[in-house]
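Engineer: No letters, just coordinates:
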């Protein structure tokens, strides 16, 4: 059996709680948050997008409408420039890029 770190446990707990709450909150998300334009990427390329999701940091895989992972990072506490970047979406093309971005925003 694999031992979960505290950080992994927290991540999984947040995802499960978000999944349980989603049916009750999906209709309260403003349309502008759902239909944000996505950054340009090559066709057929696999990638992740970090962007604001209901006021916190969400990681989206490819063009999926729901986040792959969410992090309890309150976007409103970040500098204006970071908030704007996350509203537009920051593309990570590799696992290494994704890890670096997540480290920057979660530490």
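Structural biologist: Alright, I've got the coordinates. All figures in this text were calculated on a predicted structure; none of them were measured in a lab.
Engineer: all strands of this protein, in order?
Structural biologist: 48-53, 56-61, 69-74, 90-92 (DSSP state E).
Engineer: Parallel or antiparallel, list what pairs with the second one.
Structural biologist: Read that as strand 56-61. strand 48-53 (antiparallel), strand 69-74 (antiparallel) (DSSP bridges).
Engineer: Can you tell me what sits against it?
Structural biologist: With contacts defined as Cβ atoms under 8 Å, 6 or more residues apart in numbering, strand 56-61 is touched by 46-53, 66-75, 86, 89, 98, 102, 105-106. Yep, even glycine has a C-beta here, placed from its N, CA and C like the rest.
Engineer: Which among those residues count as buried?
Structural biologist: Burial by neighbour count, 16 or more other Cβ atoms under 10 Å: within the contacts of strand 56-61 this picks out 47-53, 67, 69-71, 73, 75, 86, 89, 98, 102, 105.
Engineer: what's the neighbour count on residue 59?
Structural biologist: Counted with other Cβ atoms under 10 Å, residues neighbouring residue 59 total 19.
Engineer: Quick check: nearest residue in space to it, chain neighbours excluded?
Structural biologist: Leaving aside its sequence neighbours, residue 59 sits nearest to residue 69 (Cβ to Cβ, 6 or more residues apart in numbering; 4.4 Å).
Engineer: For the one you found, report the pLDDT, please.
Structural biologist: With respect to pLDDT, residue 69 scores 93.
Engineer: just the one 10 residues further on next, same as before
Structural biologist: What the model reports for residue 79 is a pLDDT of 94.
Engineer: and it, how many neighbours?
Structural biologist: Neighbour count for residue 79, taken as other Cβ under 10 Å: 8.
Engineer: How about the one 5 residues further on?
Structural biologist: Counted with other Cβ under 10 Å, the burial measure for residue 84 works out to 11 neighbours.
Engineer: and it, what does it touch?
Structural biologist: Contacts of residue 84 by Cβ under 8 Å, 6+ apart: none found.
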